[in-house]
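In: can't give you the sequence, but here's the structure:
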């Protein structure tokens, strides 16, 4: 015991905040729905402290290059797609998808060293991804397949939106371990509190399992594993399985039970694309499973309404991320989730592979005891209803 417990409690704790890292995370990053890049035009993307150009050649392949021409710095995203090349608007130098200059129309020879950076790309889940690694190594992270992106039983394409956030991606990642904010931010003190909340970190994935409304129900399935059963048979009124795959690609399976309607099953996708240190683009996409008893028009409206609901909830967080400070030593309570351990997991993407700490990739599980919090919240809700 300290000599003077009262003095210790009265000591002022200061926020510690290290400079924002200049390094960008190692992993796959989503540039957007792949369909938006297939119109035969070049597209500009601000990312990783530079500018990229995306274009599809006659061979149908989506290419990503550094956007500034090595000749005189012309912006290739202002150029023209010619065959399988992008032609610079300044002097018509033509660059193939692998970064090689194939033609300087007004010159007899192509200069030595006429090769710009070509980014490793992948199309999956109707998304265009690029691989970023400061060490220049090939990909070592597998991306999950989202079956709904390929099924006629789901909405035909992603409902999509973007936002620019002036902060470091770590502030967003912290949400995965943040149990209490669901009541105060998303529940707006009107309900929606988690009855079950567990984090599982393993290798390059970090998952949050959350349920509401099933606190006093005997579990009919493992709540800390992916659910593959009948959507109508979830135990509560909300189930969420949210996984970050690497530093920038999140897939959240969501089941919502609505009175007189049944369960709405959807996928909420989040992507982080660093623009510069302290600034990133957050992309959000939504897929919704169709109801077979509804028309295509009715399902489309249902999908749009679901998107608007989830966008509203996501932007509740965005407003906070935009204004919060960077804090390296958060003062946690016994009701908080494993924020520090989550940050240890996240650190692996910001160091060389040889420097990854064993605890960053080790299997880790933590279930948060929500009983006391829910007792407090139940009293607050009862008080709100009596006013």
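Out: Noted; the coordinates are in hand. Quantities reported herein were computed from a predicted structural model and do not represent experimental measurements.
In: distance from whichever helix in the chain runs longest to the middle of the chain?
Out: The longest helix of the chain (DSSP state H) is helix 296-323. Counting by Cα atoms, centre = their mean, to the nearest Å, helix 296-323 is centred 15 Å from the centre of its parent chain.
In: state the mean pLDDT of the next helix or strand after that helix.
Out: Later in the chain than helix 296-323, the nearest helix or strand by DSSP states H and E is helix 339-347. Averaged over helix 339-347, pLDDT sits at 98.
In: in helix 339-347, what counts as buried?
Out: Buried residues in helix 339-347, counted by 16 or more other Cβ atoms under 10 Å: 339, 341, 342, 343, 344, 345, 346. For the C-beta atoms, the positions are set from N, CA and C on the backbone; glycine is no exception.
In: now tabulate those in JSON lines and tack on distance to residue 370.
Out: Listed next are the buried residues of helix 339-347 as JSON lines, based on distance: Cβ to Cβ, whole Å:
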{"residue": "339", "distance to residue 370": "16"}
{"residue": "341", "distance to residue 370": "18"}
{"residue": "342", "distance to residue 370": "18"}
{"residue": "343", "distance to residue 370": "22"}
{"residue": "344", "distance to residue 370": "23"}
{"residue": "345", "distance to residue 370": "22"}
{"residue": "346", "distance to residue 370": "24"}
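In: what is the burial count for residue 225?
Out: Residues within reach of residue 225, counting by other Cβ atoms under 10 Å, total 11.
In: what do you get for residue 177?
Out: Around residue 177 there are 23 residues (other Cβ under 10 Å).
In: which residue is the nearest non-sequential neighbour of residue 256?
Out: Sequence neighbours aside, residue 264 is the residue nearest to residue 256 in space, at 4.5 Å (criterion: Cβ to Cβ, 6 or more residues apart in numbering).
In: do you know how far that neighbour is from residue 12?
Out: Distance from residue 264 to residue 12, counting by Cβ to Cβ, to the nearest Å: 47 Å.
In: the more surrounded of those two?
Out: residue 264 (19 against 4).
In: Three-state assignment for the more buried one, please.
Out: Assigned with DSSP: H, G, I helix; E, B strand; the rest coil, residue 264 falls in the strand class.
In: show me what contacts it?
Out: Counting by Cβ atoms under 8 Å, 6 or more residues apart in numbering, residue 264 makes contact with 254, 255, 256, 257, 258, 288, 289, 302, 306.
In: okay, now the residue nearest to residue 83 when sequence neighbours are not counted: neighbour count?
Out: Nearest residue to residue 83 in three dimensions, chain neighbours excluded: residue 58, at 5.3 Å (Cβ to Cβ, 6+ apart). Neighbours of residue 58 under the rule other Cβ under 10 Å: 11.
In: residue 58: what secondary structure?
Out: coil.
In: can you list the residue ranges for helices in the stretch 101-250 of the chain?
Out: Secondary structure of the stretch 101-250 of the chain (DSSP state H, counting those that start in this stretch): helices located at 170-173, 181.
In: so can I have TSV of those helices showing distance to residue 128, mean neighbour count and mean pLDDT?
Out: Shown next, in TSV, are the helices of the stretch 101-250 of the chain (distance: least, Cβ to Cβ, whole Å; neighbours: other Cβ atoms under 10 Å; pLDDT from 0 to 100):
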stretch	distance to residue 128	mean neighbour count	mean pLDDT
helix 170-173	21	20	97
helix 181	31	16	95
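In: so for residue 213, which of the ones you listed sits nearest?
Out: helix 181 (18.1 Å; Cβ to Cβ).
In: and the contacts of the closest one?
Out: By Cβ under 8 Å, 6+ apart, helix 181 touches 175, 317.
In: give me that answer again for 10 Å
Out: 174, 175, 187, 194, 316, 317, 320, 337 (Cβ atoms under 10 Å, 6 or more residues apart in numbering).
In: would you agree the last one is in contact with residue 365?
Out: So the one you mean is residue 337. No - taking Cβ atoms under 10 Å as the definition, residue 337 is not a contact partner of residue 365, at 11.8 Å.
In: hang on, the earlier thing: can you give me the distance of the residue nearest to residue 256 to residue 207?
Out: 21 Å.
In: same question for the helix or strand residue 379 falls within, mean pLDDT?
Out: In this structure, residue 379 sits in helix 371-386 according to DSSP H and E. For helix 371-386, the mean per-residue pLDDT is 87.
In: list the buried residues for that helix?
Out: For helix 371-386, the neighbour count (16+ other Cβ under 10 Å) marks 373, 374, 377, 381 as buried.
In: repeat that for stretch 300-307.
Out: Under 16+ other Cβ under 10 Å, the buried positions of stretch 300-307 are 300, 302, 303, 306, 307.
In: do stretch 88-95 as well
Out: 88, 92, 93, 94, 95.
In: circling back to that earlier point, got the contact list for the helix holding residue 379?
Out: In contact with helix 371-386 (Cβ under 10 Å, 6+ apart) are residues 179-180, 183-184, 187, 189-195, 197, 212, 215, 333-336, 370.
In: rewinding a little: please produce JSON lines containing the helices of the stretch 101-250 of the chain, extended by distance to residue 135.
Out: Shown next, in JSON lines, are the helices of the stretch 101-250 of the chain (distance: least, Cβ to Cβ, whole Å):
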{"stretch": "helix 170-173", "distance to residue 135": "21"}
{"stretch": "helix 181", "distance to residue 135": "35"}
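In: right, so of those helices, which gets closest to residue 277?
Out: Using Cβ to Cβ, the helices of the stretch 101-250 of the chain put helix 170-173 closest to residue 277, at 11.7 Å.
In: that closest one - contacts with which helices or strands?
Out: On a contact count with 3 or more Cβ pairs under 10 Å, 6 or more residues apart in numbering; DSSP states H and E, helix 170-173 meets strand 262-276, strand 279-288, helix 296-323, helix 339-347.
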